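Chemist: Here is the input, now give the coordinates:
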Amino acid sequence: MSDAVESILYEHPLSEQVRTYLRLEQLFAIQLHLRDQESTFCHVGALRNLWEILDCLDRGDIKGELIKELEAQRIHFEQLEESPYIDGLKLKRFLEQLNQLLDWLGRYQGKFGAKLRSDRFIDMLKNRIRMPGGTCSFDLPELHQFLNKSTQYRQDCLKTWFAHLDGLGQCIKILLRLFRENGAFETVSCKQGVFQSSLSNRSNPQLLRVMLPSQSAYFPEISGSKHYFSIRFIEKLEDQLKPVSNDFDFELAIC
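Modeler: Prediction:
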């Protein structure tokens with residue numbers, strides 16, 4: 001079976017909240033992959049990644065923002081219960097899932113990650129694990145001891161630590177799925193490698209998604225807010241980058 005990728009997807013957030021959600025989504029995916037590996041190098045990477053997650057969670061009131069957004073989504077979907085065009089059973093299950101996540105958020109004590117920060121072993125890693133080569137045995141002998149435990153022990157510890165954030169991962173997964181499903185891809189044309197558009201006629205846009213063929217020599221540089229955005233395509237020629245100057249079509253979704 002071929003592993004060839006037919007297209008490359010680029011995503012750009014239109015708010016700081018979505019920017020944080022996308023970063024956490026990527027960090028969570030890395031964590032889930034690394035913690036299930038057997039290699040000690042992967043488990044060092046998982047611990048370093050855990051601190052990247054904690055640093056990301058230290059910015060703003062993520063819990064309050066999630067509660068506000070999920071409440072808005074619940075109200076929206078509750079209004080669809082009487083629609084004859086909606087699968088009532090699926091909608092009921094989805095609303096139950098939203099209610100469970102809102103209940104989890106309401107019961108979560110303090111800021112996200114506070115329990116992990118208070119863990120002595122995790123806190124001990126805080127400074128050294130961010131240093132280049134800072135995980136050597138002479139820097140962190142306790143980490144060296146941990147890495148020489150059995151694979152199962154290390155995996156179980158990583159799963160236990162990350163379990164504090166399982167609910168958060170589910171919240172972000174649902175919200176980003178809803179945002180992405182809110183916009184369909186359309187073929188649009190850029191002129192001389194640039195595409196610009198106003199978003200004033202869009203209702204609360206959250207995300208831009210650009211799809212290019214995997215063999216494309218271009219990549220997009222995207223800037224924008226909830227009112228306006230601009231996409232400039234860049235081409236790599238040998239060791240140099242230059243703006244694309246020709247016209248071409250690409251796939252765009254405004255979500």
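Chemist: can you pull out the strands in this structure?
Modeler: Applying DSSP state E to the chain gives strands spanning 7-13, 186-190, 194-198, 207-213, 218-224, 228-237, 240-243, 248-254.
Chemist: Which positions in the longest one come out as buried?
Modeler: When burial is assessed from 16 or more other CB atoms under 10 Å, strand 228-237 yields the following buried residues: Phe229, Ile231, Arg232, Phe233, Glu235. The way it works is simple: take the backbone N, C-alpha and C, and place the C-beta from them, glycine included.
Chemist: One more: stretch 136-146?
Modeler: Leu140, Leu143, Phe146.
Chemist: Give me the contacts around that stretch.
Modeler: Under the contact criterion CB atoms under 8 Å, 6 or more residues apart in numbering, stretch 136-146 has outside partners 44, 47, 121, 124-125, 128-129, 131, 133-135, 154, 157.
Chemist: From those, list the buried ones, please.
Modeler: For the contacts of stretch 136-146, buried by 16+ other CB under 10 Å: Val44, Leu47, Leu125, Ile129, Thr135, Arg154, Cys157.
Chemist: Now render those as a markdown table, adding distance to Leu165 and pLDDT.
Modeler: Output for the buried ones among the contacts of stretch 136-146, formatted as a markdown table (distance: CB to CB, whole Å; pLDDT from 0 to 100):
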| residue | distance to Leu165 | pLDDT |
| --- | --- | --- |
| Val44 | 19 | 97 |
| Leu47 | 14 | 97 |
| Leu125 | 17 | 94 |
| Ile129 | 18 | 90 |
| Thr135 | 22 | 93 |
| Arg154 | 18 | 98 |
| Cys157 | 15 | 97 |
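Chemist: Just the ones in helices from those, please.
Modeler: Val44, Leu47, Leu125, Arg154, Cys157 (DSSP state H).
Chemist: And the residues you listed, which two are furthest apart?
Modeler: Farthest apart among these by CB to CB are Leu125 and Arg154. That separation is 13.8 Å.
Chemist: how is this structure carved up into domains?
Modeler: Segmentation of the chain into domains, based on automatic domain parsing, reads 11-178, 184-254.
Chemist: mean confidence for stretch 77-89?
Modeler: Across stretch 77-89, pLDDT averages out at 83.
Chemist: Helices along this structure, start to end?
Modeler: 16-35, 40-57, 62-78, 88-107, 114-117, 120-125, 141-147, 151-162, 166-181.
Chemist: which strands and helices sit next to the fourth one?
Modeler: Using 3 or more CB pairs under 8 Å, 6 or more residues apart in numbering; DSSP states H and E as the contact criterion, the neighbours of helix 88-107 among helices and strands are helix 62-78, helix 166-181.
Chemist: buried sites along the longest one?
Modeler: Okay, so that is helix 62-78. Of all the residues in helix 62-78, those buried under the rule 16+ other CB under 10 Å are Ile62, Lys63, Glu65, Leu66, Ile67, Glu69, Leu70, Gln73, Arg74, Phe77.
Chemist: returning to what we had before: switch the buried residues of stretch 136-146 over to TSV; also include distance to Gly106 and pLDDT.
Modeler: Listed next are the buried residues of stretch 136-146 as TSV, based on distance: CB to CB, whole Å; pLDDT from 0 to 100:
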residue	distance to Gly106	pLDDT
Leu140	37	95
Leu143	35	96
Phe146	34	97
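Chemist: how about the residues you listed in a markdown table, adding distance to Gly224?
Modeler: Below are the buried residues of stretch 136-146 laid out as a markdown table (distance: CB to CB, whole Å):
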| residue | distance to Gly224 |
| --- | --- |
| Leu140 | 42 |
| Leu143 | 42 |
| Phe146 | 44 |
